[in-house]
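In: Have a look at this fold, sequence not included:
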Ligand SMILES: [Zn+2]
Ligand SMILES: [Zn+2]
Ligand SMILES: [Zn+2]
């Protein structure tokens, strides 16, 4: 089973099950237009429409160099559209983006960033730099499997492990 996203490749019709990726696979990590295209197709695959407004909001998120709060995203979005967009509608779209795996929410910081692998669902490991606010993104299926296993062994049914580490990134710790 190879779930690495390739443009034009046959994709599952239903939302990808969490944790459906084979271990230690390589990602095609699309950038720019290709990332937007991959996000759009992942979004449509879960039955959502890629409207102009949603496309424009995604564009704002893709343009971020570090995760931003919903408030900041709403602000930039309003700026781009040239008029105030209700924060609530921005928040709603953000929730849809997160549910569709095209945007990642950094729980410790309550901020958002584009998911670099929108076609592939993981328990991503996010390293959050408390100084510059940037994220280092790791995927390690062994760690995710251990955490899910520990939860299962405790009689708990895990749905979404959140694996985040606060600290200093390489640049900031120099
Ligand atoms: Zn993957
Ligand atoms: Zn990941
Ligand atoms: Zn840093």
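Out: It's in. Because the structure is a prediction, the values reported are computed rather than measured. Numbering: from 1, shown residues only. Ligands and ions are numbered 1, 2, ... in the order given.
In: Now the helix or strand harbouring residue 56: buried residues?
Out: Secondary structure from DSSP states H and E places residue 56 in helix 52-62. Residues of helix 52-62 classed as buried by neighbour count (16 or more other C-beta atoms under 10 Å): 54, 57, 58, 60, 61, 62. Backbone N, C-alpha and C define where each C-beta goes, glycine included.
In: was I right about the fifth one contacting residue 113?
Out: Yes - contact status for residue 61 versus residue 113: in contact at 7.0 Å, counting by C-beta atoms under 8 Å.
In: Between these two, which contacts overlap?
Out: 68, 103 (C-beta atoms under 8 Å, 6 or more residues apart in numbering).
In: So, low pLDDT: which residues of this structure?
Out: The chain contains residues with pLDDT under 70 at 1-26.
In: And for the residue in the chain positioned nearest to ligand 2, the neighbour number?
Out: Ligand 2 sits closest to residue 124 of the chain, with a gap of 3.2 Å, by C-beta to the ion. Neighbourhood size, residue 124 [other C-beta atoms under 10 Å]: 22.
In: which one among the buried residues of helix 52-62 gets closest to residue 150?
Out: Nearest to residue 150 out of the buried residues of helix 52-62 is residue 61 (C-beta to C-beta; 32.5 Å).
In: dump the residue contacts of that closest one.
Out: Residue 61 touches 68, 73, 97, 103, 112, 113, 114, counting by C-beta under 8 Å, 6+ apart.
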